[in-house]
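**Q** output the structure for:
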Amino acid sequence: MTPSLSSLILLSPLLLYVLHALWRLIASDSVTAVLAVVSAYVVSAVFFRLYLPSLALVPVWLPLFYAYLWLGLAGALALLGCGEFRRSGVLLRGLSLKMGSYFLSQACLLAGMLLLNPLLAGRPLQALATLPPFVALTGYALYRTLLAISRPQQRTPWWGILFALLVPPLLLGWIAEILVPLFLRYL
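**A** Below is the predicted model:
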């Protein structure tokens, strides 16, 4: 396999992830969703600029490479702004069920990775930093799962949120434990 073909295979999930996020955002036709995504992108761009000040275009391209970070932050902002918490689950008022499930899945993915990182010996953050295609695929699978769970009740039940907080960090920690040493050895 040539390096350009392997790069294309590894970058295609990230490109599709960003395009799907933009498509969901455009299809939602929600000002709240757009403001959450734009403000999260700006916050992540400022963070990357402060973290890597020597590279000029880092605030532009690095948030696109780690899109799940700013989309998770956008999900957290939308949850803070529109979240309605009840005994039966969580609903994001003013957003469609698809956009609400998308924001909730990305916020749970990021929160679960950060919360379970100390318990899993740093493997979730290792996967977050070194395996962006796998994190993007996991984020999309989590969105589809939460959407399927949310459709019957028109809200996400608490057990679905617990699933979204626990399963992706465990899965990505396991993938990081297997793949990161292989990538470091052979690539």
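**Q** just checking, what packs against the longest helix along the chain?
**A** Criterion DSSP state H: the longest helix present in the chain is helix 158-186. Applying 3 or more C-beta pairs under 8 Å, 6 or more residues apart in numbering; DSSP states H and E, one finds that helix 158-186 makes contact with strand 89-92, helix 97-116, helix 123-130, helix 132-150. Backbone N, C-alpha and C define where each C-beta goes, glycine included.
**Q** give the contact list for the most centrally placed residue in the chain.
**A** Taking C-alpha atoms, centre = their mean, the centroid of the chain lies closest to Tyr68, which sits 3.2 Å from it. Listed by C-beta atoms under 8 Å, 6 or more residues apart in numbering, the contact set of Tyr68 reads 17, 106, 109-110, 128, 132, 135-136, 139.
**Q** of the residues you listed, which is the nearest to Ile26?
**A** The closest of the contacts of Tyr68 to Ile26 turns out to be Tyr17 (C-beta to C-beta; 15.2 Å).
**Q** got the angle between the lowest-mean-pLDDT helix or strand in the chain and helix 132-150?
**A** Taking mean pLDDT, DSSP states H and E as the measure, the chain has helix 58-65 as its least confident helix or strand, at a mean of 78. Helix 58-65 and helix 132-150 meet at an angle of 60 degrees, taking axes from the mean of the first three to the mean of the last three C-alpha atoms, to 10 degrees as the criterion.
**Q** show me what counts as buried in the following helix or strand past helix 58-65.
**A** Downstream of helix 58-65, the first helix or strand assigned by DSSP states H and E is helix 67-82. Neighbour counts over helix 67-82 (16 or more other C-beta atoms under 10 Å) mark 67-79, 81-82 as buried.
**Q** thank you kindly, that will do.
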